[in-house]
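> Sequence below, structure please.
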Amino acid sequence: MDRFLAELERKMGRFYIPGLMKVICFGMAGVFILDLVFARSAVSASAFLAFSREMVLRGQIWRLFTFIFIPPDSSLLFIVFALYLYYFLGTALENRWGSRRFNLYYLIGIIGADIGGMLLGYNTNSYLNLSLFLAFACLYPDHEVLLFFILPVKMKYIAWADAALLVYSLVVGTWAQRGCMLFSLLPFFLFFGQDLYGYARRGLSRLRQRRR
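Now for the predicted structure:
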């Protein structure tokens, strides 16, 4: 898999965007501001950019890409926190991998999310951005963050909690939501699948030894 990803990265050549997460976060902030400005009108930046299978089939192909700029649907305080988190995670991954590989990671996520959306009719950037958190937790499991700005918690524990929520969503969600989740997490599985498989094997081996 590493060779396959390296080959894809090589084929990208110069077609990548340095500081990609900065561009995405500024785009989200811009869409959020436009939605506030035109909140009382029939115009909505989010509605114009959001993924819609019906609209894509009618020729609005930009929606296959612009859905990544849709901000979380929440309060201003949460938007600021979410954009800071996305920027921090994306920048850290880009510094670790390089701009080209980080672009490849995010591009695979976009393509995966679009495939799920076109097949099942539902798409969101939430799971794609969540994959950034999971990737960071795999690379920096002992990095501490202040939960609620007070309690220091290691990333690996938060990642386990997110994984549990994902499993729960797979159980109770609709088929469209399940498909969107799995397709959006495609880059995480491609980049870290071998590591997760090795971790699972070691865990099972330890469990068997304890039983003996």
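> Would you mind writing the CA trace of the helix or strand where residue 35 lies as PDB?
Using DSSP states H and E, residue 35 sits in helix 20-37. C-alpha atoms of helix 20-37 as PDB (Å, rounded to 0.1, in the frame of the first residue of the first chain):
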ATOM      1  CA  LEU A  20      -4.400  23.300   1.800                       C
ATOM      2  CA  MET A  21      -6.100  23.300   5.200                       C
ATOM      3  CA  LYS A  22      -5.600  27.000   5.500                       C
ATOM      4  CA  VAL A  23      -7.500  27.400   2.100                       C
ATOM      5  CA  ILE A  24     -10.300  25.200   3.300                       C
ATOM      6  CA  CYS A  25     -10.700  26.900   6.700                       C
ATOM      7  CA  PHE A  26     -10.700  30.300   5.100                       C
ATOM      8  CA  GLY A  27     -13.300  29.000   2.600                       C
ATOM      9  CA  MET A  28     -15.500  27.700   5.500                       C
ATOM     10  CA  ALA A  29     -15.200  31.000   7.300                       C
ATOM     11  CA  GLY A  30     -16.200  32.900   4.200                       C
ATOM     12  CA  VAL A  31     -19.200  30.700   3.600                       C
ATOM     13  CA  PHE A  32     -20.300  31.100   7.200                       C
ATOM     14  CA  ILE A  33     -20.100  34.900   7.000                       C
ATOM     15  CA  LEU A  34     -22.000  34.900   3.700                       C
ATOM     16  CA  ASP A  35     -24.700  32.800   5.300                       C
ATOM     17  CA  LEU A  36     -25.000  35.300   8.100                       C
ATOM     18  CA  VAL A  37     -25.100  38.300   5.800                       C
END
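> in it, what counts as buried?
20, 21, 24, 25, 27, 28, 31, 32, 34, 35 (16 or more other CB atoms under 10 Å). For every residue, glycine as well, the C-beta is placed using N, CA and C.
> that's a strand at residue 61, yeah?
No: when classified by DSSP: H, G, I helix; E, B strand; the rest coil, residue 61 is found to be coil rather than part of a strand.
> give me phi/psi at the closest residue to residue 115 other than its chain neighbours?
In space, and not counting its chain neighbours, residue 115 is closest to residue 183: 5.5 Å by CB to CB, 6 or more residues apart in numbering. Backbone torsions of residue 183, given as degrees, to the nearest 10, read phi -70, psi -40.
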